[in-house]
Each structure stands twice: as C-alpha cells, then as structure tokens.
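Colleague: what's the 3D shape of this:
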Amino acid sequence: MKRADEQWLSNAERSAVGSLPDVRIFRNNVGTLLDSRGIPVSFGLAPGSADAIGIVGPYGRFLSVEFKRPGYVPPSPRKLLEALKHPAKCKCEPCHYNAQLRWQDMVRAFGGVAGIVDAEGGALALVEEARQPVTPR
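Modeller: Residues are numbered from 1 along each chain as shown. A predicted model of the protein is given here:
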C-alpha cells in the first residue's frame, strides 16, 4: 500500500500544480525495458532524476519534484555513506536516494528548483520558490 500512497500524492500534486496558468509539469518515468527483439531501451532522463519536471513562469525556472510516500524516512547518513562503496548500477534504496540527491544538487547548481515532497502542498511550495527571481551568487 505504500506505493499507492506515493502514487496518490504524485497524482494529486501534479494535478494541483498543472492547473496553474504559469506552470507546465510533466511525469518523468525513468527506466529500461526490453523491446520486442530483447534489446534494452532506456527511457526518461538520467538515473535519479525526479518523478516530475517542469518549467515555472515568469522567469522560466526549471522545476524538479521527487515524490515520496507520506511519512517517508530517508536512509541514515551511515547507510548513504556505505552505499557510495556499491557498484555504479546498484539499485538499493540508499544508492537510489544518493542518485536523487545528486540530481537535486545539479538542478540547484544551474538555478533550478528541486525538492522532495512527502505531503500535500509540497509541490506548490516549490512552485512558489521557482516564481522568485534567481539571485546572483
């Protein structure tokens, strides 16, 4: 049932954000499937990229929203550090979370807005942040 909670939150938040006239938001599915010949085909943005991406006016800022089930508790710092020793293709939860953190850092480094949402209204708060002008560093 945990996955359903995350899916419900994702749908509700994308619907709320998508109804705003100055925002365009899109679902970003990431993965690999085998085609009819058995050849792997990758889709979506980079591994660790957010569940939803978009653009917010009036400044055209990039928006990146990762949805987690309500009450989500991230891996402990110890587990995150241990995961850095795993192979690059590891898909354990700490490795996946590390990839998501790297994605968020990259988006922010380029002036975008990125965050993890585990409650209603979280994506709208990120939109409000994205509506603000970028301040020079």
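Colleague: show me where pLDDT drops low in the chain?
Modeller: Low-confidence segments of the chain (pLDDT under 70): 1-3, 137.
Colleague: what residue is smack in the middle of it?
Modeller: Centroid check for the chain by CA atoms, centre = their mean gives residue 50 as the closest residue, at 2.0 Å.
Colleague: hmm, that residue is touching residue 103, no?
Modeller: Yes: with contact defined as CB atoms under 8 Å, residue 50 reaches residue 103; the gap is 6.4 Å. All C-beta spots, glycine's among them, are computed from the backbone N, C-alpha and C.
Colleague: between the two, what contacts are shared?
Modeller: Here residue 50 and residue 103 have 64, 114 as joint contacts, going by CB atoms under 8 Å, 6 or more residues apart in numbering.
Colleague: quick one, strands of this protein?
Modeller: 23-27, 31-34, 40-43, 52-56, 61-67, 113-117 (DSSP state E).
Colleague: name the helices or strands packed onto the fourth one?
Modeller: Based on contacts counted as 3 or more CB pairs under 8 Å, 6 or more residues apart in numbering; DSSP states H and E, the elements that strand 52-56 packs against are helix 2-18, strand 23-27, strand 61-67, helix 122-130.
Colleague: which one of those is the most hemmed in?
Modeller: Of those, the one with the most neighbours on average (mean count of other CB atoms under 10 Å) is strand 61-67, at a mean of 22.
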